[in-house]
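K.L.:
Let's see this in three dimensions:
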Amino acid sequence: MATADEANVGTCNDMAHYPDIIPLADIRVPTMATHGTCDGDVPIEQAKTAVATIPIAVLNEIEGASHLICFHEKGREAMETQISFIRKHLN
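P.N.:
Predicted structure coming up:
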């Protein structure tokens, strides 16, 4: 298993090549990125970059949540926001 430093180097490498791997600007469906503001695994800047690049996207920031939002006190609220977003775009 990689150390945190090794994982961070890998993540930075992935992000440098991200536009080549997944052309976010070509996504044409409504997209919601849900991200904890205290995520120590994936910087929130990555979600902000994705949302800024995807034409129809919103960012659902969960204040104080880490990477595992489902275990945060606002986990249920985050899930309800996601469900509402999906319902809105299905109708």
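K.L.:
From now on I want contacts and neighbour counts done on CA atoms only, so please keep to that.
P.N.:
OK.
K.L.:
What ranges in this protein fall below the confidence cut-off?
P.N.:
Scanning the chain for pLDDT under 70 picks out the ranges 1-2, 4, 7-8, 11, 15, 17-19.
K.L.:
how about the strands of it, start to end?
P.N.:
Using DSSP state E, the strands of the chain run over residues 31-36, 57-62.
K.L.:
Partner strands of the last one and their direction?
P.N.:
Each strand that pairs with strand 57-62, with its direction, by DSSP bridges: strand 31-36 (parallel).
K.L.:
buried stuff in the partner strand?
P.N.:
For strand 31-36, the neighbour count (16 or more other CA atoms under 10 Å) marks Thr31, Met32, Thr34, His35, Gly36 as buried.
K.L.:
so how far is Asp20 from the residue nearest to the second one when sequence neighbours are not counted?
P.N.:
So that's Met32. With CA to CA, 6 or more residues apart in numbering as the criterion, Met32 has its nearest non-adjacent residue at 5.0 Å, and that residue is Val58. According to CA to CA, to the nearest Å, Val58 stands 22 Å off from Asp20.
K.L.:
Over to Ala50?
P.N.:
Where Asp20 is concerned, Ala50 sits at a distance of 13 Å (CA to CA).
K.L.:
Counting neighbours, go ahead and name the busier of the two.
P.N.:
Set Ala50 next to Asp20 and count neighbours by other CA atoms under 10 Å: Ala50 wins out with 22 against 10.
K.L.:
what sits against the more buried one?
P.N.:
Leu24 (CA atoms under 8 Å, 6 or more residues apart in numbering).
K.L.:
what's the spacing between it and Ala33?
P.N.:
Computed as CA to CA, the Ala50 to Ala33 distance reads 8 Å.
K.L.:
Quickly list what's touching both of those two.
P.N.:
The contact lists of Ala50 and Ala33 share no entry, where a contact means CA under 8 Å, 6+ apart.
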